[in-house]
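S.K.: the following block contains a protein sequence and its predicted model.
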Amino acid sequence: MTILRDYKLSGRKAFAVLLDPDKVEQDAFSTLLNRTADYPVDFFLVGGSLVTDYSHKEVIATIRRHANTPVILFPGNPLHIEPSADAILLLSLISGRNPDFLIGQHVIAAPLLKKSGLEILPTGYMVVDSGTQTTVSYISGTMPLPYDKPDVAACTALAGEMLGLQLMYLDAGSGARKPVSTAMIAAVRKAVNVPIIVGGGITSGEKAYEALKAGADLIVVGNGVEQDPDLLPQLATVVREFNQSVVQA
Ligand SMILES: CC(C)=CCC/C(C)=C/CC/C(C)=C/CC/C(C)=C/COP(=O)(O)OP(=O)(O)O
Ligand SMILES: O=P(O)(O)OC[C@@H](O)CO
Ligand SMILES: [Mg+2]
């Protein structure tokens, strides 16, 4: 449990960039990776709900050539297991009621995961409504958590923690028009002790700051960084300054 243990012990806020293997375009990708030398990223998440060209291995090899940043798989199904990553978010889709995404896919994946040597990060995955249907909802055939029901999210996370899940991921969905509300993040923060990951629709330093202040431990940004190269430095600075302000307080 090295990544999870180190991360928990550090007590720091962290920042992850989500790379969708289908959207990785070589030139822009190398530039992004080179920029992380000046504006550090704590983790790269690699994955997507639906991946069409199965280039996880090549994407990870390219990351390794440019950076020492740990790579965590963010899988949509067991075909997305790639042993050259460092760890995998073993998602159980606890916002939904589809047994296949709560335990079914995991039964199929378990022997492969064991053999892979990947660090397993058992994660309660909560997809939150943000106004449009997400790929995750469609693929999994599940309804997201209602946007304005922080209590439902808090009880869901609490149940997930009681079941032994070691991370909670609140996700408004890739490209969401609005991120998960700060009220929901704060309610989940109050309910559980495990680290909280927040992603989906974080497109500015301000939104990132709000999520951290509400209780997110790790923020995940995909589309924002792909679309606006200036966002990477902004986010790295927000997370660094947030951590410095906590140390000083
Ligand atoms: C047991 C194993 C190894 C896998 C199953 C894992 C489960 C239960 C996944 C839950 C459902 C799911 C489809 C999750 C995918 C999460 C993800 C990688 C989201 C990233 O965003 P996209 O859904 O790719 O958005 P775009 O379509 O906008 O690219
Ligand atoms: O692409 P964005 O909107 O940043 O979302 C990241 C991630 O949380 C999606 O699962
Ligand atoms: Mg995707």
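M.R.: Received, thanks. Numbers count the residues shown, from 1 in each chain. Ligands and ions are numbered 1, 2, ... in the order given.
S.K.: wait, G222 sits on D22?
M.R.: No. The pair G222 / D22 is not scored as a contact, 11.8 Å apart, by Cβ atoms under 8 Å. Just so you know, the C-beta spots here come from the backbone N, C-alpha and C atoms, and that holds for glycine as well.
S.K.: report the contact partners of the most centrally placed residue in the chain.
M.R.: With distances taken as Cα atoms, centre = their mean, V220 lies nearest the centre of the chain, 5.0 Å away. Residues in contact with V220 (Cβ atoms under 8 Å, 6 or more residues apart in numbering) are 16-18, 45, 171, 197-200, 202.
S.K.: look up how far ligand 1 lies from the closest residue to it other than its chain neighbours.
M.R.: Nearest residue to V220 in three dimensions, chain neighbours excluded: G199, at 3.3 Å (Cβ to Cβ, 6 or more residues apart in numbering). Distance of G199 to ligand 1, computed by Cβ to the nearest ligand atom, to the nearest Å: 8 Å.
S.K.: what number of residues are in the vicinity of G199?
M.R.: By other Cβ atoms under 10 Å, the residues close to G199 number 25.
S.K.: beta partners for it?
M.R.: For G199, the beta-bridge partners under DSSP bridges are D171, V220.
S.K.: right, and it touches Y169 too?
M.R.: Yes. Counting by Cβ under 8 Å, G199 touches Y169, with 7.1 Å between them.
S.K.: for A187, see how far away the residue nearest to L167 when sequence neighbours are not counted is.
M.R.: Spatial nearest neighbour of L167, excluding adjacent residues (Cβ to Cβ, 6+ apart): T123 at 4.4 Å. Distance, T123 to A187, using Cβ to Cβ, to the nearest Å: 19 Å.
S.K.: looking at the two, which one has more neighbours?
M.R.: Each of T123 and A187 has its neighbours counted (other Cβ under 10 Å); T123 has more, 25 against 20.
S.K.: most surrounded residue in the contacts of V220?
M.R.: When neighbours are counted by other Cβ under 10 Å, V198 leads the contacts of V220 with 30 neighbours.
S.K.: name the nearest residue to that residue, sequence neighbours excluded.
M.R.: In space, and not counting its chain neighbours, V198 is closest to A216: 3.9 Å by Cβ to Cβ, 6+ apart.
S.K.: next: P83.
M.R.: Nearest non-adjacent residue to P83, counting by Cβ to Cβ, 6+ apart: S116, 4.2 Å away.
S.K.: list the contacts of the one you found.
M.R.: Counting by Cβ under 8 Å, 6+ apart, S116 touches 81, 83, 88.
S.K.: quick check: residues of the chain near ligand 1?
M.R.: Residues of the chain lying near ligand 1 by Cβ under 6 Å from any ligand atom: 20, 47-49, 74-78, 81, 91, 93, 101, 105-106, 109, 125, 135-136, 139-140, 174-175.
S.K.: so which of those belong to helices?
M.R.: In this view, these that belong to helices under DSSP state H are 105-106, 109, 135-136, 139-140.
S.K.: any of these buried? List them.
M.R.: Among these, the ones that count as buried by 16 or more other Cβ atoms under 10 Å are 105-106, 109, 136, 140.
S.K.: of these, closest to F29?
M.R.: Distance ranking of these against F29, using Cβ to Cβ, places V136 first at 23.6 Å.
S.K.: the closest one reaches D171, doesn't it?
M.R.: Yes. Contact criterion Cβ under 8 Å: V136 and D171 qualify, at 7.3 Å.
S.K.: what's the overlap in contacts for those two?
M.R.: Counting by Cβ under 8 Å, 6+ apart, the common neighbours of V136 and D171 are V127.
S.K.: would you turn the contacts of S116 into a markdown table with neighbour count and pLDDT?
M.R.: Below are the contacts of S116 laid out as a markdown table (neighbours: other Cβ atoms under 10 Å; pLDDT from 0 to 100):
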| residue | neighbour count | pLDDT |
| --- | --- | --- |
| I81 | 17 | 98 |
| P83 | 15 | 98 |
| I88 | 26 | 98 |
